[in-house]
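> show me the folded form of this:
(one chain, ligands or ions: 1)
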Amino acid sequence: MPIDYPLGWAGPREKVLDRGATAVAHPNIALIKYWGKRDERLVIPYVDSLSMTLNIFPTVTTVRLVPEGQADTVMLDGTSASGEQRQRVIAFLDLVREMAGRTEPAAVDTRNSVPTAAGLASSASGFAALAVAGAAAYGLALDPTALSRLARRGSASAARSIFGAFAICYAGRGVGAAADLSSYAEPVPVAKFDPALVIAMVNAGPKPVSSRAAMRRTVGTSPLYRSWALSSKADLSDMQAALQRGDLEAVGEIAERNALGMHATMLAARPAVRYLSPATVAVLDSVLQLRRDGFAAYATMDAGPNVKVLCHQADAARVADTVHGAAAGCSVVTARRGPGARLLIGAEQ
Ligand code: DP6
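The predicted structure follows:
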């Protein structure tokens, strides 16, 4: 029987070192998007973002320390990771080791239950789980804010997956250490808002351009980027008010315009970054038709062609049916708000 410890508490250190540490985290979907970094090394966003953590597609990650002299190993869904994926995990371990003042190499084993790199935020759940497991394995006792800052260094959206339900991630102020300290996520307490998120997976293949490269190109070349970033500030305060009212129509409208604006900045990049496919547009048309038919249904898309549709739980089955029929080969899964990242010590026993 796994024992649940509070977030951020590493447990008895000897036990952690013997057995390694295992953590679970869930993906999140941004209702106000993060797009663009003002500091690539420290992974500091240009804009604040706000998301809902999901109750599906968890990532479970184990970090075990291995004897000095061995190389770090990174297993991703049962196969040895290579290239950029491996590099990002090792750079993250280096950061954890530097923070902990330790040098032991590690064996990392990550299991995703969502297709990696399909625009369904596996890097968010992945780096949130790695931050919690890595900090515990190296004996770092970090509070949730520090864990979210650490997760951000792996992937900025991961800072939000440290928390359950709704979370805001601050772009932070200043540069260097000041920016690093002030860019973190925290929960947005929202009592009465518990919508469904219907995910229409129109293509589970890897994305044509990584979000990292696409952001860089958008910030560097898109004439629309600045105005989206400005309008995103207004979207964020409207969104916070709408969430407090539990007003699904307003939350959905703001999320949809914010996401479409983000994709507009990419379409205006040189050369254009286009994640949305004909199947995406077909699903978007079906969402519009649902609204004409009187259903509150609103779409958001990330760095991929898949569409996430926010709606009332009572309408989720109807919405799922409609979007499923809109594009050939589209598979559908329905999520709700889910839990924050946590340590699972003893889960591997
Ligand atoms: C479109 O967090 O994956 O999903 O920080 O470079 O790892 P890096 O990017 P990542 O980007 C997510 C972008 C987005 C919007 C969002 O989740 O806010």
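
> beyond the strand or helix carrying residue 259, next helix or strand please.
Secondary structure assignment for residue 259, by DSSP states H and E: helix 248-267. Counting by DSSP H and E, the element after helix 248-267 in chain order, helix or strand, is helix 278-292.

> and that following helix, how far out from the chain's middle?
Chain-centre distance of helix 278-292: 24 Å, with C-alpha atoms, centre = their mean, to the nearest Å.

> what's the answer for stretch 21-34, then?
Mean C-alpha position of stretch 21-34 versus that of the full chain (C-alpha atoms, centre = their mean) differs by 4 Å.

> which residues of the chain lie near the ligand?
Taking C-beta under 6 Å from any ligand atom as the criterion, the chain approaches the ligand at residues 30, 33-35, 43, 49, 121, 123, 155-157, 211-212, 302-303. Quick note: C-beta positions are derived from backbone N, CA and C, even for glycine.

> give me that answer again for 8 Å
For the chain, the residues found near the ligand under the criterion C-beta under 8 Å from any ligand atom are 28-30, 32-35, 37, 43, 45, 49, 51, 119, 121, 123-124, 127, 152, 154-158, 160, 169, 210-212, 215, 262, 302-303.

> and for residue 165, the neighbour number?
Using other C-beta atoms under 10 Å, residue 165 has 22 other residues around it.

> residue 54 and residue 25 touch, don't they?
No. Using C-beta atoms under 8 Å, residue 54 and residue 25 do not qualify as a contacting pair, with a distance of 10.5 Å.

> for the closest residue to residue 259 other than its chain neighbours, which residues make a bridge with it?
Excluding its sequence neighbours, the residue lying closest to residue 259 (C-beta to C-beta, 6 or more residues apart in numbering) is residue 300, at 4.2 Å. Here residue 300 shows beta-bridge partners residue 308, assigned using DSSP bridges.

> can you pull the phi/psi pair for residue 29?
Backbone geometry at residue 29, expressed as degrees, to the nearest 10, gives phi -120, psi 130.

> give the contact list for it.
Residues in contact with residue 29, defined by C-beta atoms under 8 Å, 6 or more residues apart in numbering, are 51-52, 54, 121, 197, 300, 302, 308.

> next step: these restricted to helices.
Among the contacts of residue 29, DSSP state H puts none in helices.

> can you list the low-confidence ranges for the stretch 1-150 of the chain?
1-19, 114-121 (pLDDT under 70).

> ok, which stretches of it are helices?
Taking DSSP state H, counting those that start in this stretch to define them, one finds helices in the stretch 1-150 of the chain at 13-19, 83-100, 122-137, 144-154.

> looking at those helices, which one is packed in the most?
The highest mean neighbour count among the helices of the stretch 1-150 of the chain, using mean count of other C-beta atoms under 10 Å, belongs to helix 122-137: a mean of 30.

> and it with helix 83-100, angle?
Here helix 122-137 runs at 30 degrees with respect to helix 83-100, directions being taken by axes from the mean of the first three to the mean of the last three C-alpha atoms, to 10 degrees.

> out of the contacts of residue 29, grab the one that's most surrounded.
Within the contacts of residue 29, neighbour counts (other C-beta under 10 Å) peak at residue 52, which reaches 31 neighbours.

> can I assume it is in contact with residue 337?
Yes. Distance between residue 52 and residue 337: 5.5 Å, which falls inside the contact criterion (C-beta under 8 Å).

> okay, and the common contacts of these two?
For the pair residue 52 and residue 337, residues contacting each of them under the criterion C-beta under 8 Å, 6+ apart are 165-166, 195.

> with pLDDT added, can I get those residues in TSV?
Putting the shared contacts of residue 52 and residue 337 into TSV (pLDDT from 0 to 100) gives the following:
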residue	pLDDT
165	98
166	98
195	98
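
> okay, and which of these map to strands?
The strands, defined by DSSP state E, take in residue 166 from those.

> among the shared contacts of residue 52 and residue 337, which one lies nearest to residue 314?
Top of the list for closeness to residue 314, among those and by C-beta to C-beta, is residue 195 at 10.3 Å.

> look up phi and psi at the closest one.
Listed backbone geometry of residue 195 is phi -80, psi 170, with angles given as degrees, to the nearest 10.

> who touches residue 54 in this structure?
Contact analysis of residue 54 by C-beta under 8 Å, 6+ apart lists 26-29, 197, 335-338.

> and the buried ones among those, selectable in ChimeraX?
A single ChimeraX command is used to select the members of those judged buried by 16 or more other C-beta atoms under 10 Å:
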select :26,27,28,29,197,335,337,338
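
> just the closest of the contacts of residue 54 to residue 245, please.
residue 337 (16.6 Å).

> identify the bridge partners of the closest one.
Using DSSP bridges, the beta-bridge partners of residue 337 come out as residue 54.

> distance-wise, check it relative to residue 190.
Per C-beta to C-beta, to the nearest Å, residue 337 is found 9 Å from residue 190.

> circling back: which one of the contacts of residue 54 is nearest to residue 326?
The closest of these to residue 326 turns out to be residue 197 (C-beta to C-beta; 16.6 Å).

> quick one: the closest one and residue 334 touch, right?
Yes. Under the contact definition of C-beta under 8 Å, residue 197 touches residue 334, with a separation of 7.1 Å.
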